[in-house]
Structures are given as structure tokens and as C-alpha cells.
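K.L.:
Next come a sequence and a model predicted from it.
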Amino acid sequence: MSRLFLVICVAAAVLVGGHASAQQPSTTRVRGTIESFDGNVLDVKARDGASVKIKLTSDARVTGLSRMKLEDVRQGSYIGVAGMPEADGSQKAISVVIFPEVARGLGDGFRPYDLQPNSTMTNAAVSEMVEANDGKTLTVKYKDGEKKIILTSQTQYSTFGPGSRDDLKPGVKVIVSATKADNGSLESKALIYGRDGVQPM
């Protein structure tokens, strides 16, 4: 299994999340901005303003999110869309992550998401692209159905790749998948950070 595929698997797990079994500690996503990192412990200012300390394990996988453009989304692309539902059942895209081909099929489907209240995540392949007044409209298909995705001038486009702890500097935006120990401390084996001002969503 390639390093890139492992990175994408981790990224998908961080974004999609999942339910822990009875034997596993619960997992939480911490979204925010790095305030400091000493090579072992991240101090993150969470989006609710709280300061959260998270210990990174020695084998924690760090994934970088790089900026892409609307033109990089093509028919057949496998994408992840964080969106908001419209009255007609379509999803207005807040962000679109373009998956490398090796990651096609990861997280396939449509589900609730925690980006903001009522937000959704759709991982699917682009089957149709239509020009719209302020961007494009996509039809994406996943194993159990399809969704209409509305792209706007505000939609962010990005893709995943291997990251580096050296990039974890103050001001960098992150999503950290963390587990809580019995003493209440947080530990993480996976995080995603944005490069060049990209906001992980």
C-alpha cells in the first residue's frame, strides 16, 4: 500500500469520522488554529475560542491540504463535498476536495457533517457538469444515489498530500482527530492542515 494511499485513508477518516465500538475510546474532531507546537503537543485555539492541548503520537500521520481550482474538477473526478442543503434537495458546496485516483471510492456516500449546523458531506464521482450563472452545477453519483452540487464563487477547492510536522506553525488551520484518555487528556494519530491559507473543512 503506497504512502499516498495511506495518507488519503487517514484524511478520509479524519473528515468522515465514524462510530467507535464499545472497546474503542470515542473520537472527536477538533477544528481550529495552531497557537503553538513543541514537536509533541499541539496547542490549538478551537473554533469556539477554547484552547485545546493535543498530544501527537510518535506515529501520527500528518496530511497537507493544498489549494486547487474549479478547473481541476472534471467529469469523472472523485470528490468530497462539504455542503449545505438547498430547498430543492441540492447541496451548495462550501468546499470541494479532489481525491487522487488511488483514493477513488473512499468514504463513498452522503451523510451529515459537523462543519456547521445542518451541513453535509458527499463523497462521489462527478457524472455531469453544467455551466451556471455564478459557477457550475455538478451531478455526482455514489453507490446509493446521486446529488446535485451547486458550485459558487465562494467554494474552496483543494486536494490531499503527505504533510510534515515542520509545517505545523502558529496560524495554520487544522482538523485533528483525537481520542480522550481516562484522565481527560487528548491524543491524536491523525490530523489535516491547510497549506498557503487553505481552510480544512
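P.N.:
Yes, it's here.

K.L.:
ranges for the helices of this structure?
P.N.:
3-16 (DSSP state H).

K.L.:
Show me how it divides into domains.
P.N.:
When the chain is parsed with automatic domain parsing, its domains come out as 3-65+159-194, 70-158.

K.L.:
mind checking which of those domains is nearest M201?
P.N.:
domain 70-158 (4.1 Å; C-beta to C-beta). Every C-beta, even on glycine, is put in place using the N, C-alpha and C of the backbone.

K.L.:
can you list the weak-confidence ranges in this structure?
P.N.:
Scanning the chain with the threshold set as pLDDT under 70 gives 1-25, 132-135.

K.L.:
picking up where we left off before, would you convert the domains of the chain into a markdown table that also reports mean neighbour count?
P.N.:
Formatted as a markdown table, those follow (neighbours: other C-beta atoms under 10 Å):
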| stretch | mean neighbour count |
| --- | --- |
| domain 3-65+159-194 | 16 |
| domain 70-158 | 16 |
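
K.L.:
For this protein, which strand extends over the most residues?
P.N.:
strand 51-67 (DSSP state E).

K.L.:
Make CSV from the domains of the chain and add distance to P200 to it.
P.N.:
Putting the domains of the chain into CSV (distance: least, C-beta to C-beta, whole Å) gives the following:
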stretch, distance to P200
domain 3-65+159-194, 4
domain 70-158, 8
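
K.L.:
ok, so what distance separates the closest residue to K143 other than its chain neighbours from N183?
P.N.:
Spatially, and ignoring its direct neighbours in sequence, K143 is nearest to D108 (5.4 Å; C-beta to C-beta, 6 or more residues apart in numbering). Separation of D108 from N183 (C-beta to C-beta, to the nearest Å) stands at 37 Å.
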